[in-house]
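Colleague: Structure for the following, please:
(one chain, ligands or ions: 1)
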Amino acid sequence: MELKRFKNYHELSDFAADDIANSIKNNPSLVLCMASGDTPKLTADLLVKKLKEEKIDYSKITFIGLDEWVGLPPTNSGSCHYFFQNKMIQPLQLKPSQYFLFDALAKDLSMECARMDRMITDRDIDIMVVGIGMNGHIGFNEPGTSFNNLSHVIELDEVTKSVGQKYFNEQVELGKGITLGFKHLLNAKKVFLMANGSKKAEVIKKTVEGQVTENFPASIIRQHENSVILIDEEAASLLSKPR
Ligand code: PGA
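Modeller: Take a look at the predicted model:
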């Protein structure tokens, strides 16, 4: 695990976008898995801009969405689907054969998990971009989730249910999530965990300096050989060891 500190959110996002764009330049069939949420927003915008401005061929990339709120339609502006469609799929005009998102309305969610697992078995994830929740979750891998999990459906933690309201225009009932598992994260060739702002300082301290434990999911990042934590000054503010 490597830790990179940036002055602010923009610099951090620019670094991630630059790295992904260059990786696509070197590997036009790159498989990119991304989280939705506030943190990766600017990375997605800058990545789309760079790919277009630098005329990088992105026609063969594969895009994978990390997770979804169970029961929410893709038209809900707070859904992960909506984020992926608006930030990546539509701007890059990706073909349906190029992207894979959880169908959170699927009748059989375990089949839906199996479909995503099969798809990932067929093509390794080259770069995985994730954020970190206020309870240390990654995707919907909530505290207590096994580090060995593949895709699964999970009862959301109370913290996730209340913090998650920020994505919606009106109060929504959030119950379960469907998500890729940590086995996918450990198998990804490179992982970026990004965090910005002082509200993330505590969880970043635990991630970097606390115990590696399933009770604090983001600590798994330290078990990945090619992972990079990207943080701004504010998110780094509680770290005790100078890095
Ligand atoms: P955020 O969400 O990027 O909106 O802070 C992070 C997360 O819950 O994983």
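
Colleague: Going by C-alpha atoms from here, please, whenever you check contacts or count neighbours.
Modeller: Will do.

Colleague: residues from this protein in reach of the ligand?
Modeller: Where the chain comes near the ligand, counting by C-alpha under 6 Å from any ligand atom, the residues are G37, D38, T39, G131, I132, G133, I138, G139.

Colleague: Among those, find me the one that's closest to P74.
Modeller: For those, the minimum distance to P74 (C-alpha to C-alpha) is 14.8 Å, reached by G37.

Colleague: Give me the neighbour count for that closest one.
Modeller: Applying the criterion other C-alpha atoms under 10 Å, we find 20 residues in the vicinity of G37.

Colleague: out of the residues of the chain next to the ligand, who has the most neighbours?
Modeller: Looking at those with neighbours defined as other C-alpha under 10 Å, the largest count falls to I138 at 28 neighbours.

Colleague: Tell me the confidence at the nearest residue to that residue once chain neighbours are set aside?
Modeller: By the measure of C-alpha to C-alpha, 6 or more residues apart in numbering, the closest residue to I138 outside its immediate chain neighbours is I132, 5.3 Å from it. In this prediction, I132 carries a pLDDT score of 98.

Colleague: For I132, grab phi and psi.
Modeller: The phi and psi values for I132, taken as degrees, to the nearest 10, are phi -140, psi 130.

Colleague: ok, now the one 3 residues further on?
Modeller: Backbone dihedrals for N135, given as degrees, to the nearest 10, come out at phi -110, psi 10.

Colleague: where's the nearest residue to it once chain neighbours are set aside relative to M194, distance?
Modeller: Excluding its sequence neighbours, the residue lying closest to N135 (C-alpha to C-alpha, 6+ apart) is V159, at 6.5 Å. Taking C-alpha to C-alpha, to the nearest Å as the measure, V159 falls 19 Å from M194.
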